[in-house]
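> here is a sequence with its predicted model. Questions after.
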Amino acid sequence: MTDQFFMKLAIDEAWKYQGLTYPNPAVGAVVVGAHQEILSINAHQEAGKPHAEVLALRDAYVTLTKDTKILSLESSHEIHEYLHVNGKNCFVNCTIYTTLEPCMHIGKTPSCASLLQKLSLHRVVVGSLDSNTVASGATRLLNNIQSGVCQQECDALLAPFNAWQHKNFIFFKWAQRLDGTVDGGTISSIESRRAVHRLRNRCDLLVIGGNTVRTDRPTLDSRLTGGKAPDVLIYSTQERFDMTIPLFSVPDRTVLIASDFEILSEYNHIMIEGGPSMLQAVHHMVDYYLNFTAPSSGGTIPFANTAITFEYLHVEPSGSDVKIWLRKKDE
């Protein structure tokens with residue numbers, strides 16, 4: 001098995017949390033033993049919580065030692081300290097694969113690069129180097145590090161984080177059936193709907209079309225996961241709406257109505273939900289696309305009315321559906 005094989009396992013794990021780690025990057029990590037046995041696979045799951053390398057090392061430590069006490073620890077500082085004290089001789093023959101260069105700085109979480117140095121891993125294999133000058137520098141600290149493995153795939157995973165450093169990141173989400181139709185009631189499985197609610201919880205702004213609001217009378221909150229409701233921009237040339245539509249009564253949110261997208265510059269993490277008309281209006285500004293395809297047919301309105309050639313970034317199951325991250329393919 002090659003470095004590329006193990007790195008792709010880390011990439012797949014990280015994509016499960018794409019958009020959920022804002023404002024942090026989505027990062028995956030795999031720890032492999034002396035005989036190329038997989039000891040652990042994990043990913044960063046939420047800003048402020050342990051990084052991918054820490055979670056992967058924690059799980060690998062349990063695999064190697066059967067010491068489960070570490071699993072009761074929640075904070076990065078506690079896990080770092082426990083591994084430093086108890087895991088010094090565990091990892092000398094191990095390799096860790098991580099999609100992003102381990103962080104050097106100490107913030108809400110300790111330095112992952114320092115932990116790797118203390119644990120004396122045999123190798124550290126990295127996909128993308130960190131463009132954040134505050135966090136970068138692991139390649140100078142660690143003398144057993146190799147970078148650039150599956151770099152293109154890791155860079156694609158990192159693109160939202162890089163966008164947040166300079167501008168906003170905008171992704172367009174839609175659900176469809178296998179026949180491409182998008183009308184006729186609920187399309188996605190409960191697992192897919194929960195995934196969308198988790199993303200809403202992490203987004204600053206949700207954009208939706210006025211016709212969809214009038215027809216579907218949505219709430220656009222995160223009730224399936226107990227999260228917050230993002231602000232909403234209703235894209236419409238008409239300013240008058242029935243104020244009994246549920247989205248207007250959600251507490252602690254701002255609802256904006258506009259016939260342009262100027263307000264988007266004031267938000268960082270933006271999800272656009274909609275169908276063919278919305279795609280036509282926004283495709284020139286969208287960074288990534290997120291599609292949920294259900295194994296069914298039966299609608300009458302097809303999704304695509306705009307000619308776009310997509311490139312697959314990641315595909316995974318979502319309940320009975322398929323969840324697909326895409327971007328426009330360069331001409």
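Yep, it's here. Numbering: from 1, shown residues only.
> going forward, measure contacts and count neighbours with C-alpha atoms only.
Fine.
> tell me where this structure has helices.
3-15, 52-65, 76-86, 112-119, 138-141, 151-166, 190-202, 210-216, 276-282 (DSSP state H).
> need those in CSV with distance to Asp321 and mean pLDDT, can you?
Shown next, in CSV, are the helices of the chain (distance: least, Cα to Cα, whole Å; pLDDT from 0 to 100):
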stretch, distance to Asp321, mean pLDDT
helix 3-15, 16, 98
helix 52-65, 27, 97
helix 76-86, 34, 94
helix 112-119, 36, 91
helix 138-141, 39, 72
helix 151-166, 22, 95
helix 190-202, 7, 98
helix 210-216, 22, 93
helix 276-282, 20, 91
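> quick one: which of those is nearest Ser320?
Nearest to Ser320 among the helices of the chain is helix 190-202 (8.1 Å), distances taken as Cα to Cα.
> what comes up buried for that closest one?
Neighbour-count burial for helix 190-202, counted by 16 or more other Cα atoms under 10 Å, picks out Ser192, Arg193, Arg194, Ala195, Val196, His197, Arg198, Leu199, Arg200, Asn201, Arg202.
> could you dump it to PDB, C-alpha only?
C-alpha atoms of helix 190-202 as PDB (Å, rounded to 0.1, in the frame of the first residue of the first chain):
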ATOM      1  CA  ILE A 190     -33.700  12.100   6.800                       C
ATOM      2  CA  GLU A 191     -29.900  11.600   7.000                       C
ATOM      3  CA  SER A 192     -29.400  14.000   4.100                       C
ATOM      4  CA  ARG A 193     -31.800  16.500   5.600                       C
ATOM      5  CA  ARG A 194     -29.900  16.300   8.900                       C
ATOM      6  CA  ALA A 195     -26.600  16.900   7.000                       C
ATOM      7  CA  VAL A 196     -28.100  20.100   5.500                       C
ATOM      8  CA  HIS A 197     -29.200  21.300   8.900                       C
ATOM      9  CA  ARG A 198     -25.700  20.700  10.300                       C
ATOM     10  CA  LEU A 199     -24.400  22.900   7.500                       C
ATOM     11  CA  ARG A 200     -27.000  25.600   8.200                       C
ATOM     12  CA  ASN A 201     -25.900  25.700  11.800                       C
ATOM     13  CA  ARG A 202     -22.400  26.600  10.700                       C
END
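> what helices or strands is the helix or strand of the chain with the lowest mean pLDDT leaning on?
Least confident helix or strand, the chain: helix 138-141 with a mean of 72, by mean pLDDT, DSSP states H and E. Using 3 or more Cα pairs under 8 Å, 6 or more residues apart in numbering; DSSP states H and E as the contact test, the elements touching helix 138-141 are helix 112-119.
> give me the residues contacting the helix it packs on.
The contact list for helix 112-119 (Cα atoms under 8 Å, 6 or more residues apart in numbering) reads 51, 53-54, 80, 83-84, 87-92, 102-104, 138, 141-142.
> list of residues touching stretch 272-290?
Contacts of stretch 272-290 (Cα under 8 Å, 6+ apart): 169-174, 182, 206-209, 212, 302-306, 323-328.
> now the protein, which segments are flagged as low pLDDT?
Scanning the chain for pLDDT under 70 picks out 105-107, 132-138, 305, 331.
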